[in-house]
Every structure is written in structure tokens, then in C-alpha cells.
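*Asks:* Provide a 3D model corresponding to the input given below.
(4 chains)
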There are 2 protein chains.
Amino acid sequence: MTLKELARRLGLSPTTVSRALNGYPEVGESTRLRVIAAARAHNYHPNARARSLATGRAMAIGHVIPVSTHHEMVNPVFGDFLAGAGAHYAEAGYQMLLSVVPDTEEAATYRDLKARGSVDGVIVHAPRRDDPRIALLNEIGLPFLVHGRSSGAARPYPWIDVDNRRAFERATRFLLDLGHRRIGLVNGPEAMDFALRRREGYAQALAAAGLQADPALIRSGEMTEAHGYRSTRDLLGADAPPTAILVSSMIAAIGLRRAAEEAGLRLGRELSVITHDDMLSYLRNGEAEPLFTATRSSVHEAGRRAARMLIELISHPDTTPREQLLESDLTVGQSTGPAPAPDRRAGWRS
Amino acid sequence: MTLKELARRLGLSPTTVSRALNGYPEVGESTRLRVIAAARAHNYHPNARARSLATGRAMAIGHVIPVSTHHEMVNPVFGDFLAGAGAHYAEAGYQMLLSVVPDTEEAATYRDLKARGSVDGVIVHAPRRDDPRIALLNEIGLPFLVHGRSSGAARPYPWIDVDNRRAFERATRFLLDLGHRRIGLVNGPEAMDFALRRREGYAQALAAAGLQADPALIRSGEMTEAHGYRSTRDLLGADAPPTAILVSSMIAAIGLRRAAEEAGLRLGRELSVITHDDMLSYLRNGEAEPLFTATRSSVHEAGRRAARMLIELISHPDTTPREQLLESDLTVGQSTGPAPAPDRRAGWRS
DNA sequence: GCGCCGTCCCAAATCGTTTTGACAAAGAGC
DNA sequence: GCTCTTTGTCAAAACGATTTGGGACGGCGC
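*Replies:* Next comes the predicted model:
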């Protein structure tokens, strides 16, 4: 069913039908009702491509997911982020375009998206320090929103991000208050900006307590279960193991738990742990009482807000705020407790 | 840069330029080379919408992800599946359209996708028994491929699926061979077809050994960590706890491990466990030696194959096979061992 | 009766491609 | 030299919407 066909059946011109359906005032109310009824009856939906060819707007947002060519890692938070964003797109009448491309072709993909007019804007995922994508998108003039930030970017750019520095600063302070002095950090890949900021917050809290971050207590890598396990095992096996560890994700924290159990350490007793919790739907942090003490921030919600913000940005480029900082809360669970007394520590370490 | 503009610069007609770029034989070789060079120089990419308006093909595949209105659960395997499918789409020049919709509006979404001509076909996720989407898609004439199967569908339909029945039959047999007699099943939601088939395989192996599936040993629910934990705790706390448990996913298996550790049971000793492993990128089943004994099948690879199959189906509807059954392998890890002798069991149970 | 102004509608152009049908120019066969 | 094919190119018509610039009709004021 096309517009022309519908118009013919109604004995009207395509113009009038189009205006009636799109709410323009130039059409009589009775006519409008007649048109709307007929459209519904014949299950008429305007062809998306024809429409956007005519209007010049794609009514679609792109998400480019780079896949590293060696280790085909899919960030587990993508699913929830996309679900959140997608929910808003659906409400706003936008479509979501997903491009999964080798990281070597990412730039070409953005150019392509722009040149073919496939999308009105894109969300940039997993920004790194000095991320080249920001300059690129500015250059080709494709509206974008960064999920996260990129330290060192030359000019201001629109972003939404969790206050990672503050979250980890606070978590570290919490551990310090409990008497911990040797605190480990199992971080994400430090090429990622969020990991950098978390490390800064961690170091800052230590410095404020007159301590210095010990490089031997810091590990970074892809946030897999295996990374959490390996890093924790290494840290615990060292000469002066930490009494507390900060972890960058629930997935890694699960690996940590495995390592801790292997070493015979109980969380919240001999070893304290705080993790960041993205509130993934399939990985809730306990039920009534949280399992892990955690800095929490819903990535699903971040996706929803990101989508809203980008769409606003596209339709009202001048009046839309271009930055949004999300706070995370610190929920205290069973995985933290006072630092063990030195003598007890000596006991279980032997 | 549009086709018309490029043609003007070259002193050719749009027709010729279009033909040159699309490899039609009616254009001279020297002209073709000249056109291609100019297109590259001016970074010309044909407008995707105009093109597909003219050709009638959207060059896009839709994935409709229903989100339950109460518990906004995002299936953790979606990420890897989409990454696999997306990789193939990119190669084949297709775009991937993601629709996240409340499950109540799923049917409307399919109709919409078809009526607006947004996609050439769709992948149906997470089919249930007698899934109404199959009839719907047949009715509206939108090509589709089901990831999984739907018992009770009236007519044949194209699908790709893991042999879930066989995998769980084999896993159960493996446990029986180790001497286990009370075997629990922590399954996915039994409205899902895959869960049904796994249960069948489980029951079948028990029956072949002269045993009957005990409903008290079966739990089903969303495959979260919490579900794995709760179900295991319940099973272990019962009067006659199982000595082995089958789990439907790694995520649930992690919850199981937590419950087992709480109960003081060591995996592969007092409690044997086999899980299904979708080979998620962030949740590898151990490194050199697998952590869990598992039935393995890469959902990333399934996504890739699904994409290929659907595109083939769209371009050659008659010659493409319409069904693909993937085998899973059984990898033996540290989580299984011989059934504990009754006396030992009595010991650790008290 | 005349001019003017809303109201309601329409014909035609436009978006950027592909595709159909036709037409010159050049070579081939007689 | 004349016709008959190729060969290479083009003008124009799709595709299905939106949007621009009017135009017919009736009612109103004078």
C-alpha cells in the first residue's frame, strides 16, 4: 500500500493524504479523520526509505562496534547498553543500526555511514585516551555522542559518562577507613579512558591518606572472568599481598572470587573486595543484600540517556546540554570488612 | 557528492556512471576506469536510501529483541550472537537493524518492519513452543530465519539450532557412567524451546538407564547467576540432594558454584557439574584446562552462520537448505568426577 | 455586485539512485 | 556503397514519499 494508492482510493491527492497523516494544519478535520481511518484500515505505513530520501533525515542512529581482530572480545555491557538505547529509539521513532567491524576499518565505517546517509548520528563506544574517532567525526560532520570520555581530546565534544574517578576514589577511601593499607586494583585495559580515570581516583585516595600507589598491586586487562582470576591469584601470591582489592567489573569480580576461594580466603574477612557493578540484567549483585560492596551505575540507564541525548542533540543542536555526568552509588555488601590484624594475617598467610 | 554531480564533472550521464560503478557490461573499459577513479577521488558513495528505493531491496536484516515488560532481562548471549551475525553482514554489504521492543508489541514491530520496507528479512530470537511469530512472518511474507526451533509449528520453516536434546542426553549419560544416580537439572525457562529439548535429552538418558526424571530435581527459570545460585541451594538443601547437576549456561553455573561453595562442596568431588557453554568471549571456560565439564557450542559462530544462511535464503530462495543443526562437543573439565560413595555422602551431608 | 480572505485541496518538483528504451558512431558483411 | 550488428552513451521514467507554489470555492464586508 503506497501513498498514491491510498490517495486514489480516497479520491484525494497524495499531497493531502500526506499532510493529513503528518498533522499539517492545511487539511480539514473531517478529511483528516477520513484519511487516518483509511490508512489504518489498509495498514498503510509510509516507506521508510522514500520518506527519509524526501526529508533528508535517516531517522536512524548508528552504533559501531569494533571487534579486535585477534581476540574477538564482545564487551558484556554492550548488550545492556544497546537494550537501553534501543528502548528509547523505539519510543522516539528512530531505528538502530549496528555495525560490527574489525577495529582496523572503524574509520572507514564512519565515513561510509556518513557518505551513504545511513544514519543521522552515531554513538561512540569505549573511548580511549586521545581517541581519534572524535576528530574524525568532527571532520566529516557526523553528529555523535561519546559513551565515556576521552582525555586529551582537542576540542569539547558531547559525552555521557559515569564519574569513574570519583567512584573509585570513594571506594578506595572506604577501604582505607576500614583500615586497609595494601589495596590492589584489578583494572580494565588502561588504553580505555574509563580505566585510566578509575586508576586516578584510586591513586588520589591513597595519596590523600599519605600512601602511594604500588605498581605491583595494579593489574589491567580485558574485563573477563579469566583476567579477574589470574590477576587476583598473582596479587595474592606476591610477597606482600593486598588485604583489599578493587575490581573493575562484576565479571572480573567473579574470577576474583574463584581465586580467593582457591586461596582459602573469605571475602569480607581475610580479603575485602569492592567491584564496579554495571547492573547487568543477568548478573545482579545478590538479591536483598548485595553480595559485593560495589560502586553501582546502570549501564542500561546510561544507554537510554545516551539515546535521548543524541536525538536531542540532532534535533536541537544549540539548546541541548552536551555533557552528562552520572553518579554511581556505593552499596555496602558482604565483601568488605575491617582489615585483618597483622598477626591474624601472618597466620593465614603462612 | 551525488551521482548526478559526479556525472557532470566527468562529462557523462548519470546512467553511464551508475553502470560503470555497478559493473554492467554496456560501458567501455576505459570509461569505467575513469569513472571509478573519479568516484574514489571524490569519495563518492551511493546514497543507501535512494539506492534501495530504486532497487526495492533494503540491504538490511532486522533483529527484533523483545524485552519483557516486568523484568528487563537481556539475554547475555545476544551480544555474542549479534557480533557473529554482524561480522557477516559487514562482509556481505548488509546492514543490521536492531529493534528493542516490549514483548507485547513484537507482532506490531514485524508488521511495521515489513510495511515500511526497512529490512529484507529478520532473525527470530529465542523461539518458544508453538511460537506465534512463525505463522505471523509467513503470513506477512517477510523472509526469516529462526535461531532455535519451535516445537509444534504447523509448517516447515528455516532454522539454525544446536542439537540441544542430544547434548544434554550425552551429558546426562556421561554422569550416569560416572555412577551418578540422582542428577539435578537447572534449566532455562521451559517456555523456551531449547530448554524443553534439553530436558527431553536429560529425561531420555535417564530413561535409557532405567531411571525416571524426578521433578523435585528440576528447576527452570531465566538464566541468571541468581537463578543458578537459588536453584542449586534448593536442590542441595533437599532431603535427597543430587550428586550431580546439569546447568543450562555458564552464567547460571557461576551461581551454582557459589551455592556449592557455601555448602562446602567441591566441584568434581562431592558434587559433579556439567554446564552448557555458549563460548561467550568474556566468560571463557577456563584456560588450558576447562573449568567446567561442558557441552560447548559457539553462539558467535551460530550468529555468523545464521546471517549467512538468511542472506542466502533471501537471494536464492529455492536452492538454499533451510535447516542447519549444529553439534556441540562435550569437553571434560574439573567439575565432574565419580559419584561419591554413599558413606562419604552421609559424612559431608550431616 | 465586487473585491478580499480563509479554507481546503492539488499538480508538479524534489530527494538520489536504478533501469528501460532508444540512438548515434563504428565496424562487418555483401 | 548499403545494410546490419555491436558498442558506448544518454534521456526519461521509475521508486515512494515530502514540499513548494498556487488555485477553486465560498463567505464576508462594503
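*Asks:* which residue ranges of the stretch 101-250 of chain A form strands?
*Replies:* For the stretch 101-250 of chain A, applying DSSP state E, counting those that start in this stretch gives strands covering A:121-124, A:144-147, A:159-162, A:183-187, A:218-220, A:244-247.
*Asks:* of all the ones you listed, which lies closest to DNA strand C?
*Replies:* The closest approach between DNA strand C and any of the strands of the stretch 101-250 of chain A, judged by CB to the nearest atom of the strand, belongs to strand A:121-124 at 18.1 Å. Bear in mind the C-beta positions are built from the backbone N, C-alpha and C, glycine included.
*Asks:* tell me, how many residues neighbour A:Gly264?
*Replies:* 8 (other CB atoms under 10 Å in any protein chain shown).
*Asks:* so the nearest residue to A:Ala253 once chain neighbours are set aside is in which element?
*Replies:* Excluding its sequence neighbours, the residue lying closest to A:Ala253 (CB to CB, 6 or more residues apart in numbering or on different chains) is A:Thr275, at 3.9 Å. Counting by DSSP states H and E, the element that carries A:Thr275 is strand A:272-277.
*Asks:* quick check, the helix or strand following that strand touching chain B?
*Replies:* Counting by DSSP H and E, the element after strand A:272-277 in chain order, helix or strand, is strand A:293-296. No. Figure legend: strand A:293-296 not in contact with chain B (CB under 8 Å from any CB of the partner chain); closest approach 14.0 Å.
*Asks:* and strand A:293-296, what does it pack onto?
*Replies:* Contacts defined by 3 or more CB pairs under 8 Å, 6 or more residues apart in numbering or on different chains; DSSP states H and E place strand A:293-296 against helix A:164-177, strand A:272-277, strand A:329-331.
*Asks:* how about residues contacting the first one?
*Replies:* It refers to helix A:164-177. Helix A:164-177 is contacted by residues A:183, A:194, A:197-202, A:204-206, A:208-209, A:211, A:244, A:246, A:272, A:274, A:276, A:293, A:295, A:297, A:327-328, A:330, A:336 when judged by CB atoms under 8 Å, 6 or more residues apart in numbering or on different chains.
*Asks:* most packed of the helices and strands packed on strand A:293-296?
*Replies:* Highest mean neighbour count among these (mean count of other CB atoms under 10 Å in any protein chain shown): strand A:272-277, with a mean of 27.
*Asks:* so that one versus strand A:183-187, what angle?
*Replies:* Interaxial angle, strand A:272-277 versus strand A:183-187 (axes from the mean of the first three to the mean of the last three CA atoms, to 10 degrees): 30 degrees.
*Asks:* give the partner strands of strand A:272-277 in its sheet and their orientations.
*Replies:* The pairing partners recorded for strand A:272-277 under DSSP bridges are strand A:244-247 (parallel), strand A:293-296 (parallel).
*Asks:* what does stretch A:204-219 contact?
*Replies:* The contact list for stretch A:204-219 (CB under 8 Å, 6+ apart) reads A:165, A:168-170, A:172-173, A:176, A:181-187, A:199, A:202-203, A:227, A:231, A:234-235, A:238, A:242.
*Asks:* scratch that, stretch A:31-51 is what I was asking about
*Replies:* A:1-3, A:6, A:9-10, A:12, A:16-17, A:20-21, A:27, A:59, A:95, B:49-50, B:52-53, B:58, B:111-112, B:115-118.
*Asks:* CA atoms only for it, dumped as CSV, please.
*Replies:* Presented in CSV, the C-alpha positions along stretch A:31-51 are these (Å, rounded to 0.1, in the frame of the first residue of the first chain):
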residue,chain,number,x,y,z
THR,A,31,-10.9,14.9,5.8
ARG,A,32,-8.1,14.1,8.2
LEU,A,33,-10.2,11.7,10.2
ARG,A,34,-11.3,10.0,7.0
VAL,A,35,-7.7,9.7,5.9
ILE,A,36,-6.5,8.3,9.2
ALA,A,37,-9.2,5.7,9.2
ALA,A,38,-8.4,4.6,5.7
ALA,A,39,-4.7,4.4,6.5
ARG,A,40,-5.4,2.2,9.4
ALA,A,41,-7.9,0.1,7.5
HIS,A,42,-5.4,-0.6,4.7
ASN,A,43,-2.5,-1.0,7.1
TYR,A,44,-0.6,1.8,5.4
HIS,A,45,2.8,2.7,6.7
PRO,A,46,5.0,5.1,4.8
ASN,A,47,8.0,3.6,3.3
ALA,A,48,10.9,4.5,5.5
ARG,A,49,13.4,4.9,2.7
ALA,A,50,11.2,7.0,0.5
ARG,A,51,10.4,9.2,3.4
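*Asks:* list the buried residues for that stretch?
*Replies:* Of the residues in stretch A:31-51, A:32, A:34-35, A:38-39, A:44-51 count as buried by neighbour count, 16 or more other CB atoms under 10 Å in any protein chain shown.
*Asks:* want to throw the residues you listed into CSV with secondary structure and distance to B:Glu106?
*Replies:* Conversion of the buried residues of stretch A:31-51 to CSV gives the following (DSSP: H, G, I helix; E, B strand; the rest coil; distance: CB to CB, whole Å):
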residue, secondary structure, distance to B:Glu106
A:Arg32, helix, 30
A:Arg34, helix, 31
A:Val35, helix, 28
A:Ala38, helix, 26
A:Ala39, helix, 22
A:Tyr44, coil, 21
A:His45, coil, 16
A:Pro46, coil, 21
A:Asn47, coil, 22
A:Ala48, helix, 19
A:Arg49, helix, 23
A:Ala50, helix, 25
A:Arg51, helix, 23
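*Asks:* farthest pair within these?
*Replies:* Largest separation among these by CB to CB: A:Arg34 and A:Arg49, giving 27.2 Å.
*Asks:* for chain A, which residues score under the pLDDT cut-off?
*Replies:* In the predicted model, chain A carries pLDDT under 70 at residues A:70-72, A:342-350.
*Asks:* now do 50
*Replies:* A:344-350 (pLDDT under 50).
*Asks:* coming back round to it: out of the strands of the stretch 101-250 of chain A, which is the most enclosed?
*Replies:* Comparing the strands of the stretch 101-250 of chain A by mean neighbour count (mean count of other CB under 10 Å), strand A:244-247 comes out on top with a mean of 30.
*Asks:* next secondary structure element downstream of that one?
*Replies:* Assigned by DSSP H and E, the successor of strand A:244-247 is helix A:250-262.
*Asks:* identify the residues contacting that next one?
*Replies:* By CB under 8 Å, 6+ apart, helix A:250-262 touches A:76, A:186, A:223-233, A:236, A:245, A:247, A:266-267, A:271, A:273, A:275-278, A:280, A:283, A:285, A:292, A:294, B:254, B:257-258, B:261, B:282-283.
*Asks:* hmm, try it at 6 Å
*Replies:* Helix A:250-262 is contacted by residues A:76, A:186, A:223, A:225, A:227-229, A:232-233, A:247, A:271, A:275, A:277, A:283, A:292, B:254, B:261, B:282 when judged by CB atoms under 6 Å, 6 or more residues apart in numbering or on different chains.
*Asks:* which of these are buried, as a ChimeraX select command?
*Replies:* Selection of buried members from these for ChimeraX, criterion 16+ other CB under 10 Å:
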select /A:76,186,223,225,227,228,229,232,233,247,271,275,277,283,292 /B:254,282
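*Asks:* report the buried residues of stretch A:55-75.
*Replies:* Using 16+ other CB under 10 Å as the test for burial, stretch A:55-75 gives A:58-67, A:73-75.
*Asks:* then it to PDB, C-alphas only?
*Replies:* Coordinates of each C-alpha in stretch A:55-75 appear next as PDB, following Å, rounded to 0.1, in the frame of the first residue of the first chain:
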ATOM      1  CA  THR A  55      13.100  14.600   4.200                       C
ATOM      2  CA  GLY A  56      16.800  14.200   4.200                       C
ATOM      3  CA  ARG A  57      16.700  12.600   7.700                       C
ATOM      4  CA  ALA A  58      17.600   9.000   8.100                       C
ATOM      5  CA  MET A  59      15.700   8.500  11.400                       C
ATOM      6  CA  ALA A  60      18.400   6.100  12.400                       C
ATOM      7  CA  ILE A  61      21.300   6.100  14.800                       C
ATOM      8  CA  GLY A  62      24.400   4.100  14.300                       C
ATOM      9  CA  HIS A  63      26.400   2.100  16.800                       C
ATOM     10  CA  VAL A  64      29.800   1.000  15.600                       C
ATOM     11  CA  ILE A  65      31.100  -1.900  17.500                       C
ATOM     12  CA  PRO A  66      34.800  -2.500  16.800                       C
ATOM     13  CA  VAL A  67      35.900  -6.100  17.100                       C
ATOM     14  CA  SER A  68      39.600  -6.600  17.700                       C
ATOM     15  CA  THR A  69      41.000  -8.800  15.100                       C
ATOM     16  CA  HIS A  70      43.000 -11.000  17.400                       C
ATOM     17  CA  HIS A  71      40.800 -11.600  20.400                       C
ATOM     18  CA  GLU A  72      37.100 -11.400  19.300                       C
ATOM     19  CA  MET A  73      36.000  -9.900  22.600                       C
ATOM     20  CA  VAL A  74      32.500  -8.600  22.900                       C
ATOM     21  CA  ASN A  75      32.100  -6.300  25.800                       C
END
